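[1] pasting the structure only:
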């Protein structure tokens with residue numbers, strides 16, 4: 001296999017004060033300083049087929065921005081946009097470039113730079129590519145996560161997976177992929193600093209310990225998973241951040257230490273739009289949302305007015321369809337025996353476990369926040385009652401969109417399984 005890796009800094013420029021993503025409407029959570037820099041990391045792979053994986057220290061990407069990034073990065077290395085994946089680690093302490101109304105003002109300055117910076121990283125990765133050997137490792141990391149929706153009895157996947165790419169002759173580490181499932185919200189609503197959160201801090205520590213290596217974190221199904229430490233004051237959060245990052249780094253090193261060399265295999269990528277069913281809200285439901293928002297303070301009142309107008313317009317377009325659907329970008333990448341299924345959702349744990357069961361638990365990574373952002377993909381129980389659940393109904397309203405239907409979990413399971421099987425051959 002031929003592979004190359006590079007990273008390029010995407011930290012806001014001095015003097016910029018971007019808003020960061022999450023934790024409530026119109027909080028004005030501006031970044032006052034940089035705690036750690038943030039990066040885009042590029043992995044260029046070539047073996048029979050080609051693929052380019054970009055990992056951003058960002059919460060997520062608006063789909064049109066993701067499209068522009070994939071196009072620019074692909075052109076820089078002679079690939080089509082369909083051969084490029086733009087994934088995010090989902091840190092909530094980075095400039096907001098997501099399609100959610102009021103939960104962090106969209107940062108045009110950062111967004112405008114990202115396609116060019118992604119192209120720079122892609123070009124450097126391709127230009128530095130050479131023969132590599134690949135080793136896969138696994139371990140478990142207990143005690144860092146909890147199921148924030150279902151509590152102690154809820155599903156939890158504590159497996160941590162790695163793929164290490166080493167120079168064929170010297171065996172020097174060139175690139176690393178690490179995969180885990182946990183919301184990067186060690187730094188929460190009271191924090192005003194730029195940071196890649198625990199996963200990014202750990203990757204930077206691994207890069208410092210392995211000179212010249214580029215270490216990418218690929219986020220898993222963490223829609224219902226939080227770290228055990230969250231929603232604390234900034235001073236306390238920074239202490240927990242350092243502890244969690246060290247814990248995570250040590251687990252990655254443990255997985256790498258027990259890694260097994262891969263034998264044979266090729267690189268194959270498939271990109272596809274998944275048509276997913278949408279539930280069009282009635283006027284009565286939209287009015288009820290507006291009325292409820294009026295009772296929750298000024299931020300929610302502002303959000304209610306903006307969202308309701310957008311949801312009505314979205315509903316008009318959907319009603320013109322025979323079967324109301326929205327197409328979500330998805331992709332699958334085979335790296336030897338391993339299959340990575342990419343999607344743009346905050347997926348609940350059980351759906352991810354079901355996908356892995358179908359495609360092969362030990363060799364499948366289900367990677368979220370990729371090629372855009374579509375909100376949550378919760379399990380079917382969260383769709384009842386028809387309004388009120390944060391994941392199934394609240395976040396779509398924050399996006400100014402009608403929600404997906406209760407068929408979403410099964411449609412995603414079938415769609416991602418299908419494209420995963422395509423690249424597995």
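    Yes, it's here. Nothing here was measured: the structure is a model prediction, and the numbers come from that model. Residues are numbered from 1 along each chain as shown.

[2] which regions of this protein lie under the pLDDT threshold?
    Applying pLDDT under 70 to the chain flags residues 385-388.

[3] can you give me the helices for it?
    63-77, 108-127, 197-209, 234-257, 283-294, 298-319, 349-359, 395-398, 408-424 (DSSP state H).

[4] Out of the ones you listed, the one nearest residue 9 is which?
    Of all the helices of the chain, it is helix 108-127 that lies closest to residue 9, at 8.0 Å by C-beta to C-beta. In short, each C-beta sits where N, CA and C put it, glycine included.

[5] Give me the neighbour count for residue 79.
    21 (other C-beta atoms under 10 Å).

[6] hang on, it packs against residue 52?
    Yes: checked against C-beta atoms under 8 Å, the pair residue 79 and residue 52 is within contact range at 5.8 Å.

[7] Overlap in contacts, the two.
    Among the neighbours of residue 79, those also in contact with residue 52 (C-beta atoms under 8 Å, 6 or more residues apart in numbering) are residue 73.

[8] about what we covered before: relative to residue 152, which of the helices of the chain is closest?
    Closest of the helices of the chain to residue 152 is helix 349-359, at 13.5 Å (criterion: C-beta to C-beta).

[9] who's in contact with that closest one?
    Helix 349-359 is touched from outside by 147, 154-157, 181, 220-225, 339, 341, 364, 366, 377, 379, 409, 412-413, 416-417, 420-421, 424, with contacts defined as C-beta under 8 Å, 6+ apart.

[10] Selecting buried members of the residues you listed in ChimeraX, what would you type?
    Burial among the contacts of helix 349-359 is assessed by 16 or more other C-beta atoms under 10 Å; the matching ChimeraX selection reads:
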select :147,154,155,156,157,181,220,221,222,223,224,225,339,341,364,366,377,379,409,412,413,416,417,420,424
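
[11] what residues does stretch 146-153 touch?
    Counting by C-beta under 8 Å, 6+ apart, 154-156, 183, 224-228, 348-349, 378, 382, 391 sit against stretch 146-153.

[12] thinking again about what came up before, could you export the helices of the chain as a markdown table, including distance to residue 40?
    A markdown table is the format used below for the helices of the chain (distance: least, C-beta to C-beta, whole Å):
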| stretch | distance to residue 40 |
| --- | --- |
| helix 63-77 | 9 |
| helix 108-127 | 5 |
| helix 197-209 | 11 |
| helix 234-257 | 19 |
| helix 283-294 | 36 |
| helix 298-319 | 30 |
| helix 349-359 | 24 |
| helix 395-398 | 25 |
| helix 408-424 | 24 |
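
[13] if I pick the closest residue to residue 197 other than its chain neighbours, what's in contact with it?
    The shortest distance from residue 197 to any non-neighbouring residue, by C-beta to C-beta, 6 or more residues apart in numbering, is to residue 184 (3.4 Å). Residue 184 makes contacts with 89-93, 196-200, 219, 227, as judged by C-beta under 8 Å, 6+ apart.

[14] again, 10 Å this time
    Residues counted as contacts of residue 184 (C-beta atoms under 10 Å, 6 or more residues apart in numbering) are 57, 59, 88-94, 195-201, 217, 219, 222, 226-227, 241, 244.

[15] Distance-wise, check it relative to residue 149.
    17 Å (C-beta to C-beta, to the nearest Å).

[16] what do you get for residue 101?
    With C-beta to C-beta as the criterion, residue 101 and residue 149 are 23 Å apart.

[17] repeat for residue 295
    Distance from residue 295 to residue 149, by C-beta to C-beta: 24 Å.

[18] between the helices of the chain, which one is nearest to residue 27?
    Ranking the helices of the chain by distance to residue 27, with C-beta to C-beta as the measure, places helix 298-319 first at 6.8 Å.

[19] Show residues contacting that closest one.
    Helix 298-319 is contacted by residues 24-28, 100-103, 278-283, 285-287, 289-297, 324-326, 396-403 when judged by C-beta under 10 Å, 6+ apart.

[20] Let's see that with 8 Å instead.
    Applying C-beta under 8 Å, 6+ apart, the contact partners of helix 298-319 are 24-27, 101-102, 278, 280-281, 283, 286-287, 289-290, 292-294, 324, 397-402.

[21] Just give the closest residue to residue 338, not the sequence neighbours.
    residue 363 (5.0 Å).

[22] what is the nearest residue to residue 261 once chain neighbours are set aside paired to in the beta sheet?
    Take residue 261 and drop its neighbours on the chain: the residue closest to it by C-beta to C-beta, 6+ apart is residue 135, 5.0 Å away. Legend: beta-bridge partners of residue 135 under DSSP bridges are residue 164, residue 261.

[23] what does the one 10 residues further on give?
    Judged by DSSP bridges, the bridge partners of residue 145 are residue 227.
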